[in-house]
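Q: Just to be clear, the model below is a prediction. Sequence and coordinates:
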Amino acid sequence: MSWDSFHIVFIRCCGIAALLTNTLMFHLICYKSPKNLGAYKYLMLYSAVFEELYAILDIIALPDSITLRSALLTVVSSKKNHMPKELLPVLNVLYWALYGISIALIDIHFLFRYLVVTGIKQRVNWNSVTAIIAISANVKQLFLALVLQTIIPLVLMYLPSGVLLFFCFTDQSFELFGRIMSTTAAVHRVLDPLPNMFVINKYRNALTSYCGTIFCLKSNVTKGVTSGTAASSSLEMK
């Protein structure tokens, strides 16, 4: 398989997966959020919607980054995405604009969550013992999610782009670096909502409930089909 074929399949698969995970995250934030999240919930909603838009742009544009020595190019090709040539510069600009916003959003997300965690800790002394236990559990969950949501962009966004820019500045970059950056950025949009889903108890319990409902429905349907088949076979024997 050539790089172009792999790139098209990979970017589109990551885009669809990112739409699924972020849409699920949007639903969980709207209907299953802890009460003490406050205004932070709206920042999480904005982040989920932004990642969905970014994934849609990836699916449409199929951008590919190419580097050689000190050059860094982002190529949006009509041969790949079958878009009119007049739209290609617009898609290219939108891609880099959203890339820059995503980097800034990671920093804002980190700062805001840190303030939420410290703010909750400062209010603990004014609550009852039961509330203190509940708030402490929420603080631990938010802190763990904060750590994981810092590691994921660090590995998939900051390090690839930082290494790429370093080698471009030193006139030593080669083609592979650009391709690594474009693929890791696509993977980041898939993984970004997962720490919140699996670390925060409210979201994790909701996911477990959804999965249990789906599997129970499937098992009930299977049992119904099996019993129906057994009944029909018994009638045939009679």
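A: Great, that's in hand.
Q: CA atoms for contacts and neighbours, from now on please.
A: Noted.
Q: what about residue 27, distance to residue 189?
A: 17 Å (C-alpha to C-alpha, to the nearest Å).
Q: More neighbours: which of those two?
A: residue 189 (27 against 14; other C-alpha atoms under 10 Å).
Q: Which parts of the one helix or strand the more buried one maps to count as buried, going by neighbours?
A: Following DSSP states H and E, one finds residue 189 within helix 175-191. Residues of helix 175-191 classed as buried: 177-191 (neighbour count, 16 or more other C-alpha atoms under 10 Å).
Q: show me where pLDDT drops low in this protein?
A: Applying pLDDT under 70 to the chain flags the ranges 1, 113-114, 116-139, 217-238.
Q: all helices of it, in order?
A: 3-32, 40-61, 78-81, 88-123, 129-153, 159-169, 175-191, 194-199, 201-237 (DSSP state H).
Q: Would you mind measuring from residue 100 to residue 84?
A: For residue 100 relative to residue 84 (C-alpha to C-alpha), the value is 25 Å.
Q: repeat for residue 15
A: Per C-alpha to C-alpha, residue 15 is found 21 Å from residue 84.
Q: So for these two, which residue has more residues nearby?
A: residue 15 (26 against 10).
Q: Could you report the distance from that one to residue 168?
A: With C-alpha to C-alpha as the criterion, residue 15 and residue 168 are 28 Å apart.
Q: now do residue 152
A: Counting by C-alpha to C-alpha - residue 152 and residue 168 are separated by 24 Å.
Q: repeat for residue 159
A: In this view, residue 159 and residue 168 are 14 Å apart by C-alpha to C-alpha.
Q: For residue 187, which non-adjacent residue is spatially closest?
A: In space, and not counting its chain neighbours, residue 187 is closest to residue 14: 6.2 Å by C-alpha to C-alpha, 6 or more residues apart in numbering.
Q: Let me know whether the one you found touches residue 190 as I believe.
A: Yes: checked against C-alpha atoms under 8 Å, the pair residue 14 and residue 190 is within contact range at 6.5 Å.
Q: before we move on, back to that, and the residue nearest to residue 187, how many neighbours?
A: For residue 14, using other C-alpha under 10 Å, the count is 22.
Q: One more: residue 107?
A: Neighbours of residue 107 (other C-alpha under 10 Å): 12.
Q: what does residue 43 give?
A: 15.
Q: same question, residue 30
A: Counted with other C-alpha under 10 Å, residue 30 comes out at 13.
Q: now it: how far from residue 64?
A: According to C-alpha to C-alpha, residue 30 and residue 64 sit 34 Å apart.
Q: mind listing what the closest residue to residue 75 other than its chain neighbours touches?
A: Sequence neighbours aside, residue 64 is the residue nearest to residue 75 in space, at 5.2 Å (criterion: C-alpha to C-alpha, 6+ apart). With contact set as C-alpha atoms under 8 Å, 6 or more residues apart in numbering, residue 64 has these partners: 74, 75, 76, 178, 179, 182.
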